[in-house]
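[1] Task: produce atomic coordinates for the following.
(2 chains)
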Amino acid sequence: MSSRRFNQIVLILILSYLLISLIFTLFPGFLSSNLVARIHNRYLMPGPFYTEESIVQTNYVLVSWKSNGHWTQPASPAMSNFADFFTKGNPDLLFQVRIEHSVNSVFIKSLNSKSPSKTEARLNVLKRFYLENYVPHNADSIRLIFLRKETRNFTTHIDTVYQTIF
Amino acid sequence: MFFKSKYLDLNTYLTERNNFWVTVFCKSMYCFLIVKIIFIWRAVDTIFDYFPYTPHSWWKYVLYGPLIISQHHVKIFLLCFLIILIIAVFIRINYVSVILICWYSISLSRLALSVSNGSDIILNIFLMIAILMPVWPSSKNLRVKSFQAHISAIAILLARIELALIYFISGYDKLLSEAWRSGAAVYSVMNLDIYYNPFLKIDLSEVVCIIICWIVIIFELAFTFFIWFRKARPFLLISGLIFHLGIILFLGLPDFGLVMIIPYATFLPIRDMPMVQSVNQGNNVK
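    Residues are numbered from 1 along each chain as shown, chains lettered A, B, ... in the order given. Have a look, this model is predicted:
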């Protein structure tokens, strides 16, 4: 094969890749169930990674527990770990924040699912996470408050999405 | 004969030049992965505990092959990857190491999917492109050797195109977003409690937010088109460096900021060597 022919093939391949990337990224709904689209979106998608929705809305959990007849002040372990990451520079804290965020997100998503058993299973994982990582063993009851913070057009709203005591 | 020898000199120079930037690019990614593994080391048991992963189909067994090790002990998988990376940093970039590292990195991303972000996808894309970059082991056949150098040069071009594409898609998405056009996006980012550095909270006026948003949009779109012009390149690379250092400092995304800086190596300016100038002069005489 001549060098010129080879360069032409390479050029066609690069242009095809660019075209496919632009189509799948700029029109996310296009053939979304297609295997090529799924592989592209999972392994080759060049963005956008931080879309408007992801910066406008954030979910977090406040935890409080009852011990010796008193409830502690509800606090967000994720927020305090995140602040500690910047003061202590310990990357473990950043990973802890990300794990907590994932556990919460999976549960929040399951609230919209039609399967109660799935939601129940996710909630159990969540309870285990907070019990193992933040709540002392002598706690009698634990309260989890799920909050959604939304900041749009320079104004912030905080809503309670879900609450549980166990 | 004279021109043939000059052509071979130039070819050798270009190959060596490419080799240098390929080495910088690939080894920066490997160092990043080493640091990532060290940092994830203690968290990996928790990740695996809450988000276990077992491949269920044959193609997933192939794609995430190294994760078979993690079924026995997740840290053995990390240790194997760490050893491969450390060896790869000290030896010459070669076909075996680039393929192995790409394979392991894709597996690591799957294992740590719950704590992953855009940086993992970007890193894996560049590691896939890097598979085409080595020129070693090189063939003794001159034509094959030249073909290897050619493929390597194409891979560098592909890495540059990919970086420009990432900026284009990000800039285009922001341009379509009302929140970015109105400046509200910066205010929203500053209110993301588990992403924005709480020690750097500043009260910004609406006008300042609008200016920041438009600087980001213009920078991302300008990078896509003007990075191909040699004169604009240093300015864009320095601006990009400041932009990503800002992401590292202000947002809790040090991995994303670093991964975006590494591919800049493929754009670094290179001064022409006298040998190249003499070849050009020779061509002019001809």
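[2] residue ranges with poor pLDDT in chain A?
    For chain A, applying pLDDT under 70 flags the ranges A:1.
[3] Where is the longest helix in it?
    Across chain A, the longest stretch assigned as helix under DSSP state H is helix A:3-26.
[4] Which positions in that one come out as buried?
    Judged by neighbour count using 16 or more other Cβ atoms under 10 Å in any protein chain shown, the buried positions of helix A:3-26 are A:17-18, A:21, A:24-25. The way it works is simple: take the backbone N, C-alpha and C, and place the C-beta from them, glycine included.
[5] Contacts only, for A:Met45.
    Shown in contact with A:Met45 (Cβ atoms under 8 Å, 6 or more residues apart in numbering or on different chains): A:21, A:24-25, B:121.
[6] Just to check, B:Gly252 is in contact with A:Val97?
    Yes: proximity of B:Gly252 to A:Val97 meets the contact threshold set by Cβ atoms under 8 Å, at 7.2 Å.
[7] shared neighbours, the two?
    Common contacts of B:Gly252 and A:Val97 (Cβ under 8 Å, 6+ apart): A:82, A:85, B:194.
[8] Can you give me the distance of the first one to A:Pro91?
    Just to be clear, that refers to A:Phe82. Distance, A:Phe82 to A:Pro91, by Cβ to Cβ, to the nearest Å: 12 Å.
[9] Look at the two and report which has more neighbours.
    Taking neighbours as other Cβ atoms under 10 Å in any protein chain shown, A:Phe82 and A:Pro91 compare with A:Phe82 leading, 26 against 19.
[10] and that one, helix, strand or coil?
    In three-state terms, and counting by DSSP: H, G, I helix; E, B strand; the rest coil, A:Phe82 is helix.
[11] unless I'm mixing things up, it is touching B:Phe199, no?
    No: taking contacts as Cβ under 8 Å, A:Phe82 lies outside contact range of B:Phe199: 10.7 Å.
[12] burial measure for the closest residue to chain A within chain B, as a count.
    Closest to chain A within chain B is B:Gly118: 3.0 Å, counting by Cβ to the nearest Cβ. Neighbour count of B:Gly118, defined by other Cβ under 10 Å: 20.
[13] for B:Cys31, same thing?
    15.
[14] repeat for A:Thr164
    Residues within reach of A:Thr164, counting by other Cβ under 10 Å, total 12.
[15] what's the closest non-adjacent residue to B:Phe199?
    Counting by Cβ to Cβ, 6 or more residues apart in numbering or on different chains, B:Phe199 lies nearest to A:Phe86, which is 5.6 Å off, once chain neighbours are set aside.
[16] Now do the strands in the chain.
    Went with chain A since none was named. Per DSSP state E, chain A carries strands over the ranges A:57-67, A:70-71, A:141-152, A:155-165.
[17] The second one pairs with which strands, parallel or anti?
    Paired with strand A:70-71 in the same sheet, following DSSP bridges, are strand A:57-67 (antiparallel).
[18] nearest to chain B, of the buried residues of helix A:3-26?
    Among the buried residues of helix A:3-26, A:Thr25 lies closest to chain B (Cβ to the nearest Cβ), at 5.2 Å.
[19] Within the helices and strands, which one has the closest residue to the closest one other than its chain neighbours?
    What sits nearest to A:Thr25 in space, not counting adjacent residues and going by Cβ to Cβ, 6+ apart, is B:Ile169, at 5.2 Å. Per DSSP states H and E: B:Ile169 is located in helix B:142-176.
[20] Report the next helix or strand after that helix in sequence order.
    Heading C-terminal from helix B:142-176, the first helix or strand you meet, by DSSP H and E, is helix B:178-181.
[21] So what's the gap between that following helix and the chain middle?
    Here the centre of mass of C-alpha atoms in helix B:178-181, compared against the chain's by Cα atoms, centre = their mean, to the nearest Å, lies 28 Å away.
[22] Pull out the buried residues from it.
    Using 16+ other Cβ under 10 Å as the test for burial, helix B:178-181 gives B:179-180.
[23] Show me what the helix or strand following it packs onto, helices and strands only.
    Next helix or strand after helix B:178-181 toward the C-terminus (DSSP H and E): helix B:184-190. Where contact means 3 or more Cβ pairs under 8 Å, 6 or more residues apart in numbering or on different chains; DSSP states H and E, helix B:184-190 is packed against helix A:52-56, strand A:141-152, helix B:178-181, helix B:206-226.
[24] Check which helices and strands the longest one is in contact with.
    The helices and strands touching helix B:206-226, judged by 3+ Cβ pairs under 8 Å, 6+ apart, are helix B:142-176, helix B:178-181, helix B:184-190, helix B:233-250.
[25] Output the contacting helices and strands for the second one.
    Looking back up the chat, that one is helix B:178-181. Against helix B:178-181 (3+ Cβ pairs under 8 Å, 6+ apart) you get helix A:52-56, helix B:184-190, helix B:206-226.
[26] buried ones in the longest one?
    So the one you mean is helix B:206-226. Going by neighbour count (16+ other Cβ under 10 Å), the buried part of helix B:206-226 is B:209-210, B:212-213, B:216-217, B:219-224.
[27] With respect to A:His40, which of those residues is nearest?
    Using Cβ to Cβ, B:Thr224 is the member of the buried residues of helix B:206-226 that sits closest to A:His40, with 19.7 Å.
[28] What does the pLDDT read for the residue nearest in space to the middle of chain B?
    Nearest residue to the geometric centre of chain B (Cα atoms, centre = their mean): B:Pro263, 4.2 Å. pLDDT, B:Pro263: 96.
[29] What about residue 41, how many residues nearby?
    Defaulting to chain A. Neighbour count for A:Asn41, taken as other Cβ under 10 Å: 15.
[30] try chain B instead
    16.
[31] which ones are touching it?
    B:75, B:78.
[32] Ends of stretch B:111-120, what's the gap?
    Start-to-end span of stretch B:111-120 (Cα to Cα, to the nearest Å) is 11 Å.
[33] If you average the pLDDT over that stretch, what comes out?
    For stretch B:111-120, mean pLDDT is 92.
[34] I am finished for the moment; much appreciated.
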